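Peer 1: Mind folding the following:
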Amino acid sequence: MSYTAGQPTSKVKKVGEMYEMEAGADVIDSPLYNEDIAPTTTKQRTWHKWNVAALWVGMSVCVPTYTLGGVLTAYFGLDVTEALLTIFLANVIVLIPLVLNAFAGTKYGIPFPVLLRSSFGTLGSNIPAVIRALVACGWFGIQTMFGGMAISLLLSELSTSWAALGDKGVVIGFFIFWSMNMYIVLKGSDSIKKLETFAAPLLLLVGFGLLMWASPKIDATALLSAAPSRPEGASVWSYFFGGLTAMVGFWATLSLNIPDFSRYVKSQKDQIVGQIVGLPLTMLLFAALGVVLTAASPALVGESISDPITLIGKIDSPFWVVISMILIIIATISTNTAANIVSPTNDFQNVFPKMINFKRGTLLTGFTGILLMSWELLRKMGWVVSDVSVESMYSNWLLGYSSLLGPIAGIMIVDYFIIKKQELSLPDLYLPNGCYQAFNPAGILAFLVPAGLTVFSIVTGYLPWFYSYGWFTGSALGGILYFGLMSAKQAEATVPASAA
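Peer 2: Coordinates of the predicted model:
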């Protein structure tokens, strides 16, 4: 970020379709500013559509995506065809908030928590930002556990001593993988771009290789004709919409903090095309691979296995296990660094910009991830007992946090496109006494009402549809409430004093 010594006031200039800010003393000295969450310059916006597409391939090809089909068939009562249709439709739907919320990041070069200052207030933005950060830290812990499993299996193929460690080797692998993630993110956004571009074709190769290995023992006809697990004669629609909400919830997080990445993209066309190319089809294909291989696993290895790391570990070829584990480690790092570290790092900086810089925010994210996974680490060490399954965790958590994040998405879209009409004041987003309030009651109330209804539904059992379809109900209600409250506020502000 450029800064002219002695310049008292920040200046904003338009470069093509984008804006950049030359920070003056007013912004530099503000408690709401540091260089890491400052607007990017146009020279820093180097990502083109294929970088964006590679980002989504890298984030989509991961162990949780592989298990989604199994979650839908086992926990949401859908058959295989219904499950795959649900996954594809959900990712087409989630493209809408992804593309829309990316607009401000690309135009103004600002990250997610700074954009929130427009709708929630310069200090109120910390409420949704910290919620988003904690969800990402939870996912970071889960993905790091999968990465630790892959490292442990890799080293077990190379060393009988390591294999003898059992679950303790997974815990050590967890911390090895954790360190690898921290190193890459601390290298900066350019290292993430390079990793995603490098990893994307390798990850597709892993999926193709697994399919070729399993294809001789896959009975496609039997797989597609298998009866769903829901009660016989039950209507498909309630199961379908519940599953659809959970699948939308899978990327509900990124639909909020996509500005963290779009702030580095060269144009609106690049972010739109890149996301459309990279997300829906990749998610469908890798989730379909998971459904097929999980169904085929009894014939392949003698038992039903729903995650690719354990399945690959059963292959009777140390060479292919080692190669596959290396590629899965790369896949999981590419997902984790982009999807689960960048956002909370920015979000934590937003709370205390002068105290928490990028490095400290990254480390805070990492240690929070360890804390949130501590129960599983202790279980693998044999110090606590737990029978919580990964699939049940996904199904409940996806519904739960999508209900909380949905209102934020609705509020952000209404604020930027309808209330602010795509016009923001860059300097004021970083000033405590600028045109944006410290706390915007409209944004906070529009979030708390649907969030409160979600909690009410969970606790009392009333309005179960509001929780079951949480992302849709929450985003719609949040957006409508925000529009109504802001419209009333604007109308009141335009009433002449003599008419009061």
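
Peer 1: pLDDT weak spots in the stretch 401-500 of the chain?
Peer 2: 401-403, 493-500 (pLDDT under 70).

Peer 1: Let me see the ranges of the helices in it.
Peer 2: 441-460, 464-468, 470-493 (DSSP state H, counting those that start in this stretch).

Peer 1: Just checking the distance from the longest one to the centre of its chain.
Peer 2: What it means is helix 470-493. For helix 470-493, the separation from the chain centroid amounts to 24 Å (computed by C-alpha atoms, centre = their mean, to the nearest Å).

Peer 1: Tell me where the stretch 201-350 of the chain has strands.
Peer 2: Per DSSP state E, counting those that start in this stretch, the stretch 201-350 of the chain carries no strands over any range.

Peer 1: residue ranges with poor pLDDT in it?
Peer 2: 203.

Peer 1: Thought L205 was touching A331, still the case?
Peer 2: No: applying C-beta atoms under 8 Å, one finds A331 not in contact with L205, separated by 10.4 Å. All C-beta atoms are positioned from the backbone trio N, CA, C, and that covers glycine.

Peer 1: Of these two, which one has the most company?
Peer 2: Using other C-beta atoms under 10 Å, the more surrounded residue of A331 and L205 is A331, with 32 against 11.

Peer 1: For the more buried one, give me its contacts.
Peer 2: G58, V61, C62, A199, L202, L203, V206 (C-beta atoms under 8 Å, 6 or more residues apart in numbering).

Peer 1: gap between W162 and Y183?
Peer 2: 22 Å (C-beta to C-beta, to the nearest Å).

Peer 1: Tell me which of those two has more neighbours.
Peer 2: W162 (19 against 12).

Peer 1: Once you drop chain neighbours, what's closest to that one?
Peer 2: L155 (4.3 Å; C-beta to C-beta, 6 or more residues apart in numbering).

Peer 1: pLDDT score assigned to the one you found?
Peer 2: If you check L155, the pLDDT there is 94.

Peer 1: please renumber so the chain begins at 85
Peer 2: Got it, the first residue is 85 from now on, which makes the last one we talked about L239.

Peer 1: Name the SS class of it, please.
Peer 2: helix (DSSP: H, G, I helix; E, B strand; the rest coil).

Peer 1: so it makes contact with V254?
Peer 2: No: when contacts are counted by C-beta under 8 Å, L239 is not listed as touching V254 (10.4 Å).

Peer 1: With neighbour numbers in mind, choose between those two.
Peer 2: More neighbours surround V254 than the other of L239 and V254, with 23 against 19 (other C-beta under 10 Å).

Peer 1: May I ask which helix or strand encompasses the more buried one?
Peer 2: Here V254 sits within helix 251-270, counting by DSSP states H and E.

Peer 1: name the helices or strands packed onto that helix?
Peer 2: Packing partners of helix 251-270 (3 or more C-beta pairs under 8 Å, 6 or more residues apart in numbering; DSSP states H and E): helix 210-242, helix 273-298, helix 402-419, helix 442-456, helix 458-464.

Peer 1: So which bits of it are buried?
Peer 2: 253-255, 257-258, 260-262, 264-266, 268-269 (16 or more other C-beta atoms under 10 Å).

Peer 1: And these, which is closest to Y192?
Peer 2: Nearest to Y192 out of those is V269 (C-beta to C-beta; 23.3 Å).

Peer 1: just checking, that closest one touches T429?
Peer 2: Yes: if you go by C-beta under 8 Å, V269 and T429 touch, sitting 7.1 Å apart.

Peer 1: Quickly note the distance from V255 to F261.
Peer 2: From V255 to F261 the distance is 11 Å (C-beta to C-beta).

Peer 1: what is in contact with the two at once?
Peer 2: Common neighbours of V255 and F261 (C-beta under 8 Å, 6+ apart) are G232.

Peer 1: For the stretch 85-234 of the chain, give me the ranges with low pLDDT.
Peer 2: Looking at the stretch 85-234 of the chain by pLDDT under 70, you get 85-91.

Peer 1: Walking through it, point out its helices one by one.
Peer 2: 109-112, 133-144, 147-159, 164-192, 196-204, 210-242.

Peer 1: got the buried residues for the shortest one?
Peer 2: This means helix 109-112. Applying 16+ other C-beta under 10 Å to helix 109-112 flags D110, V111, I112 as buried.

Peer 1: Ok, the last one next?
Peer 2: When neighbours are counted by 16+ other C-beta under 10 Å, the buried residues of helix 210-242 are found to be 210-217, 219-241.

Peer 1: Could you identify the helix or strand that succeeds it?
Peer 2: Defined by DSSP H and E, the subsequent element after helix 210-242 is helix 244-247.

Peer 1: CA atoms of that next one as PDB?
Peer 2: What follows is helix 244-247, C-alpha atoms only, in PDB (Å, rounded to 0.1, in the frame of the first residue of the first chain):
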ATOM      1  CA  THR A 244       7.400 -50.600  10.500                       C
ATOM      2  CA  SER A 245       8.300 -48.600  13.700                       C
ATOM      3  CA  TRP A 246       6.000 -45.800  12.600                       C
ATOM      4  CA  ALA A 247       3.200 -48.300  11.800                       C
END
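
Peer 1: Pull up the gap between the residue nearest to W246 and M233, please.
Peer 2: Taking C-beta to C-beta as the measure, L239 falls 11 Å from M233.

Peer 1: any shared contact partners between the two?
Peer 2: G257.

Peer 1: Out of the helices of the stretch 85-234 of the chain, which gets nearest to L510?
Peer 2: Here helix 164-192 is closest among the helices of the stretch 85-234 of the chain (C-beta to C-beta), at 6.0 Å.

Peer 1: Tell me how far that closest one lies from the chain's centre.
Peer 2: 12 Å.

Peer 1: List phi and psi for Q506.
Peer 2: Torsion angles at Q506 (phi, psi; degrees, to the nearest 10) stand at phi 60, psi 20.

Peer 1: before we move on, the earlier item: got a list of contacts for the helix holding V254?
Peer 2: With C-beta under 8 Å, 6+ apart, helix 251-270 has contacts from 224, 228-229, 231-236, 239-240, 246-247, 249, 275-276, 279, 413, 416-417, 420-421, 425-426, 429, 442-443, 446-447, 450, 453-454, 457, 461, 464-466.

Peer 1: and what of stretch 449-461?
Peer 2: 217-218, 220-222, 224-226, 228-229, 255, 258, 262, 265-266, 424-425, 428-429, 432, 468, 470.

Peer 1: quick one: average pLDDT of it?
Peer 2: Stretch 449-461 comes out at a mean pLDDT of 89.

Peer 1: in that stretch, what counts as buried?
Peer 2: Quick answer for stretch 449-461 (16+ other C-beta under 10 Å): T449, G450, T452, G453, I454, L456, M457, E460, L461.

Peer 1: Show me which of the residues you listed is closest to Y553.
Peer 2: Closest to Y553, out of all of these and judged by C-beta to C-beta, is L456, at 26.5 Å.

Peer 1: picking up where we left off before, list the residues that contact the residue nearest to W246.
Peer 2: W246, G253, G257.

Peer 1: The nearest residue to D512 once chain neighbours are set aside: neighbouring residues, count only.
Peer 2: In space, and not counting its chain neighbours, D512 is closest to G518: 3.0 Å by C-beta to C-beta, 6+ apart. Close neighbours of G518, defined as other C-beta under 10 Å, add up to 18.

Peer 1: just V164 next, same as before
Peer 2: 20.

Peer 1: thinking it is in contact with L307, fair?
Peer 2: Yes: taking contacts as C-beta under 8 Å, V164 lies within contact range of L307: 5.8 Å.
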